[in-house]
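Participant: next comes the sequence, and after it the predicted model I'd like to discuss.
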Amino acid sequence: MLRLAHRWPGLLAAILVIFMSLSGAALSVFPALESLSTPAQTETNLDAGTVAARIQSVYPSVTEIRVSPAGRVTAYWSDADNQSQSATIDPATGKAVATAETPAAERWLKNLHRSLFMGENGRIIAAVGAMTMLVLSVSGLFLVARRTGGWRRFFSPLRGASSARVHVELARISVAGLLLSSLTALWMSASTFGLLPESADGPALPAATSGRTAYALDRMPALNTLPIDALRDLTFPAQGDTNDVYTLKTTTGTGYLDQGNGKMLGWSGASVWDRLGDTVMMLHTGRGAALLGLALGLMSLAVPAMALTGAVQWWTARQARPRIRGNASAGRVGTIILVGSEGGATFGFAATLHAALAKTGEQVHVAPMSAFEPKRYGMAKRIIIMAATYGDGDAPASARNFLKLLSAASPMRNVAVGVLGFGDRSFPHFCGFARQVDAELETAGWAKLLPFDTVDRQSPQDFARWGRALGEAMGLPLDLHHAPVVPQLTGLTLISRRDYGAAVQAPAAILRFALPRTSFWEKLFGKAPRFSAGDLIGIVPHGSNTPRFYSLASSSRDGFVEICVRKHPGGLCSSRLVDLMPGDKVHVFFRANPDFRPAKNRKPVVLIGAGTGIGPLAGFIRDNVGKRPMHLFFGARHPSSDVFYAPEIDRWLGEGKLTSIETAFSRTAARSYVQDAVRRDGQRLAGLIAAGAQIMVCGGADMAAGVKTALGDILAPLNLTTAKLKAEGRYVEDVY
Ligand SMILES: Cc1cc2nc3c(=O)[nH]c(=O)nc-3n(C[C@H](O)[C@H](O)[C@H](O)COP(=O)(O)O)c2cc1C
C-alpha cells in the first residue's frame, strides 16, 4: 500500500514535481542576492521615524515607504513631472542606492513556479504538484524507515543496487526540506483560493483629525519607537488634503497616524492567521530567512535525481519478474496459481503452466503467494500452489506472510488446492516449506486437488510428470515442457589459486577471481554485482540445466570474488573448477543469501565450519574491521594439507579480527571432528551464548547435524535450544 502510494504519484507526476522543484531551487537564490545587495545597517536601534524623516528630506514628495522582511527599504515618490519613481534606499542617508525593480528573471521564474503561465488553472496544477510532493515525502519517509529496519536505524548504512541506495540516501538528506516546502506551498495555495480564514479587518477610518499638517515624522511616537525592521509599509497622506492620515503597517498590525500631531487614530493587531501566513511565506520563499531558503533550494535539487533513480528501480523490478501474457484478473478465473519464489525460477514454471492451461481455454490468474486473498476468488474452482524452499525449510521471499494469511482464512467450498514443491534434495529439508503449506491446508480442511509432489533442482522431467497428474485431476490433456531460464551470467577470470588436500587425496583449492569490470550505467541499474561473504555464486555446468551453488568467501568491497572448492568424485562442476588455471574464465550468476550474515551488532560471533565450509567464515573474519569478538571452530582433514587460510588466520589473530581458534583433524590418529572441538569447549561457548553470541555454521549436512546435537547439549543447562536461537536469528546455517 505504502509502496503504491509512493510509486504511482511519483511516476505520474514526475515531470510536474521536477518542474516545481527546479524552479523553486532557482528562486531560492534571489532572497540571498537581495540580502547581499541590501545596504548594511551601520546604526544600531535605527527607528522607522528617523529613516522616514531622512527619506522625506531627500524626496519631499514621498508617497510610500516599504520595508521587506529581509530589511530592504524602498521609497516611492513623484518627480517634478509628476511621474512615479521608486528606489532602494540607504537608511543611513535616505538616498536612493539601487533600483527597486524586481529582476526580470525573478518575475519570470515566479510566474512559472506559481502558475506555469496558465493563470488560475496553472495555480491549481501547481497545488496538485505540491500535494504530490507531500504524499511522496510522507510515504517516502515511512518507506525509508521500513527499509533501514525502523526509525532508530533511519540513518544506518544501506545495501542494494546503486540506484536504490542513491534514491534512499538523497531522500534521507532532503525529506525534511521537501516536507516543509510542500506543506508551506499547500498553505499558500489554500490562501490564494480563499480556503483559509480572512485576515483581520483594518481599523475603522478616523472620523476626525487635528486638521493640521507637517508634524515631524521623527517626533511621532508610533514611528520613533518602532525599529525599522518591524516596519512593513508607511503610506503618506495625499498632499494638500488636511483630513488625510498616514497608514502604518508593521509586523504586528495596522493603524492610522494624524499628520498634524502624530497621534495614533486607530489600531488593529494582526490576527494569528496573518502572523502564521507571514511565517509560512518566509519559510517557503526564504524572504527574511535567506540561508534557510538556500538550504531548501538545495534540497529540492535532489528531486530530479530521485525521480530518475526511482524510475530506474521501478523498471528494474518490473523486468526481473517473468511476464505472464494474458494474466486474467483474480475474480474472473477458475484457476488461481500462487507462486512462492526467491530467485524467480518458480515464476518461470508458473508461466509455463499458465501458457499450457490458457491453450486449453482455461482462464488463469498467477500471483505471488503473499497476495493470497480468497475473498477475490469469486469464480475459482482450484488453487495451485507452486512453492520453493529457502534457508532451512523456510519460506521464499514472495511467500513470507502466506502461512499467516492462510491461518486467517477459512477453507473455500467448491475450491480444491494442489501444492507442488520446488527444492533441492541435497538440502536436509527438501521442499520443507511446500510440505508445511500442504500440511497446514490439510489440517485447515481444504479439499485436495491432487497429491503433493516435488520438483528437484528445477527438473523439467519432474514438472512434466506432475503436469500429467494435474491434467488428469482437471480432466485435460496437459503437456508441460519447461525450458528453464538461465539467469544473466557474468564472466569471471581466475587470478590465483591455492591448492590443498594433497595428503588426503581429495584435491581442493581456494580460487580467487577478478571482480568483473562494470560501467556507470550497470552500477546505476543495479547490474554490477554487489555481494557479501556468505552470498552465493551459481554455476551451470555443461550438459546440465541445474546450477550448482558455492558460498562466497569475499565481499565485493574486498575487490575480488573468492570461493573454496573441493573436487567431488564424478562432480561435473567441482572438477572443472578445481582444474581452472589463472587466466581461465567461468560464467556465473550471483545470488544473495541475506540470512547468512553476522548480525549487525557488537555481540560475539561463533563461527563453526568444516572443510571448504570455512570459505564464507573466512570472509566474515576478513570483513571484521570493527574487531568485534569472533571465535572460530574449524574442522579439517589433515593438518599438513587441509588448513585453508592458515597464514591469514595467523594474521587475523594478530590484528584482532579473530579472537580465538579451535581446530579438529579427522584424518589423524586423534580422529577428531569439529563437533568434538565444540563439546570440548562447551563451557566457554555457553558463556559466549549467555552473553548474546550469534552462532554461524557452514559445511556439509553431516557435520551440521553433529554440531547441532553438540550445541543442543551445551544449550540445555541455559534453558535454550538451537530452535529458540534460530528464531532469534542467533543460530544460522549454510549447509550443503
Ligand atoms: C540459499 C538457498 C537455500 C535453499 N534451501 C533449500 C532448502 O532448505 N530445501 C530445499 O528443498 N531447497 C532449497 N533450496 C533450493 C531452492 O528451493 C530451489 O533452487 C528452487 O528451485 C528455487 O526457486 P526460485 O528461484 O523460484 O526461488 C535453496 C536454495 C538456495 C539458493
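Facilitator: In hand now; what should we look at? Just so you know, these numbers come straight off a predicted model, no measurement behind them.
Participant: max-length strand in this structure?
Facilitator: Longest strand in the chain, counting residues (DSSP state E): strand 490-500.
Participant: now for the helix or strand following it, which elements pack on it?
Facilitator: Next helix or strand after strand 490-500 toward the C-terminus (DSSP states H and E): strand 508-514. In terms of contacts (3 or more Cβ pairs under 8 Å, 6 or more residues apart in numbering; DSSP states H and E), strand 508-514 is packed against strand 490-500, strand 560-566, helix 572-578. Every residue, glycine included, has its C-beta placed from N, CA and C.
Participant: switch the cut-off to 10 Å
Facilitator: Counting contacts by 3 or more Cβ pairs under 10 Å, 6 or more residues apart in numbering; DSSP states H and E, strand 508-514 is packed against strand 490-500, strand 560-566, helix 572-578, strand 585-591, helix 614-622.
Participant: now do it against strand 585-591, angle only.
Facilitator: Interaxial angle, strand 508-514 versus strand 585-591 (axes from the mean of the first three to the mean of the last three Cα atoms, to 10 degrees): 90 degrees.
Participant: who does strand 508-514 pair up with?
Facilitator: strand 490-500 (antiparallel), strand 560-566 (antiparallel) (DSSP bridges).
Participant: tell me the confidence at the closest residue to residue 20 other than its chain neighbours?
Facilitator: Nearest non-adjacent residue to residue 20, counting by Cβ to Cβ, 6 or more residues apart in numbering: residue 129, 4.4 Å away. pLDDT for residue 129: 93.
Participant: buried ones in whatever helix or strand residue 129 lives in?
Facilitator: Per DSSP H and E, residue 129 falls inside helix 119-148. Using 16 or more other Cβ atoms under 10 Å as the test for burial, helix 119-148 gives 122-123, 126-141, 143-144, 147-148.
Participant: helices and strands around that helix, which ones?
Facilitator: Where contact means 3+ Cβ pairs under 10 Å, 6+ apart, helix 119-148 is packed against helix 2-12, helix 14-27, helix 104-115, helix 162-192, helix 302-320.
Participant: quick one: that helix to helix 104-115, angle?
Facilitator: Put simply, helix 119-148 runs at 80 degrees to helix 104-115, going by the same axes, to 10 degrees.
Participant: now do helix 119-148: distance to the chain's middle.
Facilitator: Counting by Cα atoms, centre = their mean, to the nearest Å, helix 119-148 is centred 17 Å from the centre of its parent chain.
Participant: for stretch 204-217, same thing?
Facilitator: Put simply, stretch 204-217 sits 65 Å off its chain's centre (Cα atoms, centre = their mean).
Participant: cool, stretch 398-415 as well?
Facilitator: That offset, for stretch 398-415, works out to 29 Å (Cα atoms, centre = their mean).
Participant: and it, end to end?
Facilitator: 23 Å (Cα to Cα, to the nearest Å).
Participant: doesn't residue 197 belong to a helix?
Facilitator: No. Residue 197 is assigned coil when assessed by DSSP: H, G, I helix; E, B strand; the rest coil, not a helix.
Participant: in space, what's closest to it - neighbours in sequence excluded?
Facilitator: Excluding its sequence neighbours, the residue lying closest to residue 197 (Cβ to Cβ, 6+ apart) is residue 273, at 5.1 Å.
Participant: OK, now which residue of this protein is nearest to the ligand?
Facilitator: The ligand sits closest to residue 423 of the chain, with a gap of 2.2 Å, by Cβ to the nearest ligand atom.
Participant: distance of that residue relative to residue 458?
Facilitator: Separation of residue 423 from residue 458 (Cβ to Cβ, to the nearest Å) stands at 9 Å.
Participant: need the residues touching each of the two.
Facilitator: Common contacts of residue 423 and residue 458, defined by Cβ atoms under 10 Å, 6 or more residues apart in numbering, comprise residue 388.
Participant: returning to what we had before: my guess is the residue nearest to residue 197 contacts residue 195. True?
Facilitator: No. Using Cβ atoms under 10 Å, residue 273 makes no contact with residue 195, being 11.8 Å away.
Participant: those two - which one has more neighbours?
Facilitator: Between residue 273 and residue 195, counted using other Cβ atoms under 10 Å, the more crowded position is residue 273 (14 against 10).
Participant: before we move on, what SS does that one have?
Facilitator: Assigned with three-state DSSP, residue 273 falls in the helix class.
Participant: where's it relative to residue 134, distance?
Facilitator: For residue 273, the distance to residue 134 - Cβ to Cβ - is 21 Å.
Participant: and what of residue 451?
Facilitator: Separation of residue 451 from residue 134 (Cβ to Cβ) stands at 54 Å.
Participant: before we move on, what about residue 482?
Facilitator: Where residue 134 is concerned, residue 482 sits at a distance of 47 Å (Cβ to Cβ).
Participant: show me what the helix or strand bottoming out on mean pLDDT in the chain is packed against.
Facilitator: Sorting the helices and strands of the chain by mean pLDDT, DSSP states H and E puts helix 520-524 at the bottom, at a mean of 74. Helix 520-524 sits against helix 162-192, helix 302-320, with contacts defined as 3+ Cβ pairs under 10 Å, 6+ apart.
Participant: what strands flank the following helix or strand past that helix, and is each parallel or antiparallel?
Facilitator: Downstream of helix 520-524, the next assigned helix or strand under DSSP H and E is strand 536-539. Strand 536-539 pairs in its sheet with strand 548-551 (antiparallel), strand 585-591 (antiparallel), by DSSP bridges.
Participant: can you list contacts of strand 536-539?
Facilitator: By Cβ under 10 Å, 6+ apart, strand 536-539 touches 343, 486-487, 489-490, 492, 513, 529, 531, 546-552, 561, 563, 572-574, 576-577, 586-593, 596, 616, 734.
Participant: now do it: distance to the chain's middle.
Facilitator: Remark: strand 536-539 is offset 27 Å from the chain centroid, using Cα atoms, centre = their mean.
Participant: only C-alpha atoms, please: export it in PDB.
Facilitator: Extracted in PDB, the C-alpha atoms of strand 536-539 (Å, rounded to 0.1, in the frame of the first residue of the first chain):
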ATOM      1  CA  LEU A 536      26.300 -17.500  -3.400                       C
ATOM      2  CA  ILE A 537      27.500 -17.800  -6.900                       C
ATOM      3  CA  GLY A 538      25.600 -20.200  -9.200                       C
ATOM      4  CA  ILE A 539      27.400 -22.100 -12.000                       C
END
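Participant: buried residues in it?
Facilitator: Going by neighbour count (16+ other Cβ under 10 Å), the buried part of strand 536-539 is 536, 537, 538, 539.
Participant: partner residues bridging residue 421?
Facilitator: Counting by DSSP bridges, residue 421 forms beta bridges with residue 387, residue 454.
Participant: surely it touches residue 451?
Facilitator: No. Residue 421 is beyond contact range of residue 451, at 11.7 Å (criterion: Cβ under 10 Å).
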